[in-house]
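Participant: Sequence below, structure please.
(2 chains)
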Amino acid sequence: EAGVAQSPRYKIIEKRQSVAFWCNPISGHATLYWYQQILGQGPKLLIQFQNNGVVDDSQLPKDRFSAERLKGVDSTLKIQPAKLEDSAVYLCASSSWEGRKLQETQYFGPGTRLLVL
Amino acid sequence: RKEVEQDPGPFNVPEGATVAFNCTYSNSASQSFFWYRQDCRKEPKLLMSVYSSGNEDGRFTAQLNRASQYISLLIRDSKLSDSATYLCVGGSNYQLIWGAGTKLIIKP
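Facilitator: This is a model prediction of the structure:
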């Protein structure tokens, strides 16, 4: 079974530029998460999708970050404009449903390492 | 106060030793707990779920103490390959909060 795919793996941009990350979850996983992980910290949830609907985006800085999952499969996360403090690893994860129960085990992609100069 | 707190370490442990670390959580309503392992520059991977009665998987044992609001991870007969950061995760209603992780270094 293929895992969670993310691209690009690395990105270097200057502050005030825009950047977009892509994620393709495990086939059949209805729930998709975007996390930001700053060096030395745990993952911080940015947004959670259930199919193409947003379940939780309470920690997403909506003035500069946006995310979409239009067809309920792959997803993009965008930052516009980027700030120095956005330098982090952006992790995408997915999880499945078993009947009516969300399986809380999350499977992560390799992440996109962003450096903002 | 952070919702999920861990000692960042590092824990430097000789190979073959037993090591244990705890994770405290502030939300008493939390129902689901996990330990994830994260290798350097890699993504987190599920190590084990933590059940109320405690559970064991080979050399790894996880315990939950609801009265004191902490979970623990015990690693017996540690291997060099156990060197990693161990992330504690807790929450409820599908809202999981991640700790910052405990770094473990196993020395030969």
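Participant: Just the C-alpha atoms of stretch B:8-25, please, in CSV.
Facilitator: C-alpha atoms of stretch B:8-25 as CSV (Å, rounded to 0.1, in the frame of the first residue of the first chain):
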residue,chain,number,x,y,z
PRO,B,8,12.7,17.1,26.3
GLY,B,9,15.8,15.1,27.4
PRO,B,10,18.1,14.0,26.0
PHE,B,11,18.1,10.8,27.9
ASN,B,12,21.5,9.2,27.4
VAL,B,13,21.2,5.5,28.1
PRO,B,14,23.6,2.6,27.7
GLU,B,15,22.6,-0.2,25.3
GLY,B,16,20.7,-3.0,27.2
ALA,B,17,19.4,-0.7,29.9
THR,B,18,15.8,0.0,30.8
VAL,B,19,14.5,3.5,30.3
ALA,B,20,11.2,5.1,31.1
PHE,B,21,9.7,8.5,30.5
ASN,B,22,6.5,10.2,31.3
CYS,B,23,4.1,12.6,29.7
THR,B,24,1.6,14.7,31.6
TYR,B,25,-1.6,16.0,30.2
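Participant: That one: which residues count as buried?
Facilitator: B:9, B:11, B:13, B:19, B:21-25 (16 or more other Cβ atoms under 10 Å in any protein chain shown). Every residue, glycine included, has its C-beta placed from N, CA and C.
Participant: Grab the two from the residues you listed that are most spread out in space.
Facilitator: Greatest spacing in those, by Cβ to Cβ: B:Val13 and B:Tyr25 (24.4 Å).
Participant: per-residue pLDDT, B:Gly16?
Facilitator: Note for B:Gly16: predicted pLDDT of 97.
Participant: and the gap between it and B:Lys79?
Facilitator: Applying Cβ to Cβ, to the nearest Å, the value for B:Gly16 to B:Lys79 is 8 Å.
Participant: and what of B:Trp35?
Facilitator: 16 Å.
Participant: who has more neighbours, those two?
Facilitator: Each of B:Trp35 and B:Lys79 had its neighbours counted (other Cβ atoms under 10 Å in any protein chain shown), and the higher figure belongs to B:Trp35 (23 against 11).
Participant: List the residues that contact the more buried one.
Facilitator: Going by Cβ atoms under 8 Å, 6 or more residues apart in numbering or on different chains, B:Trp35 touches B:46-48, B:50, B:60, B:62, B:71, B:73, B:86-89.
Participant: near chain A, which of these show up?
Facilitator: B:46, B:87 (Cβ under 8 Å from any Cβ of the partner chain).
Participant: Including pLDDT, neighbour count and secondary structure, could the contacts of B:Trp35 go into CSV?
Facilitator: Shown next, in CSV, are these (pLDDT from 0 to 100; neighbours: other Cβ atoms under 10 Å in any protein chain shown; DSSP: H, G, I helix; E, B strand; the rest coil):
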residue, pLDDT, neighbour count, secondary structure
B:Leu46, 93, 16, strand
B:Leu47, 95, 19, strand
B:Met48, 93, 18, strand
B:Val50, 91, 22, strand
B:Phe60, 97, 17, strand
B:Ala62, 96, 21, strand
B:Ile71, 95, 26, strand
B:Leu73, 97, 22, strand
B:Tyr86, 97, 25, strand
B:Leu87, 97, 25, strand
B:Cys88, 95, 29, strand
B:Val89, 93, 26, strand
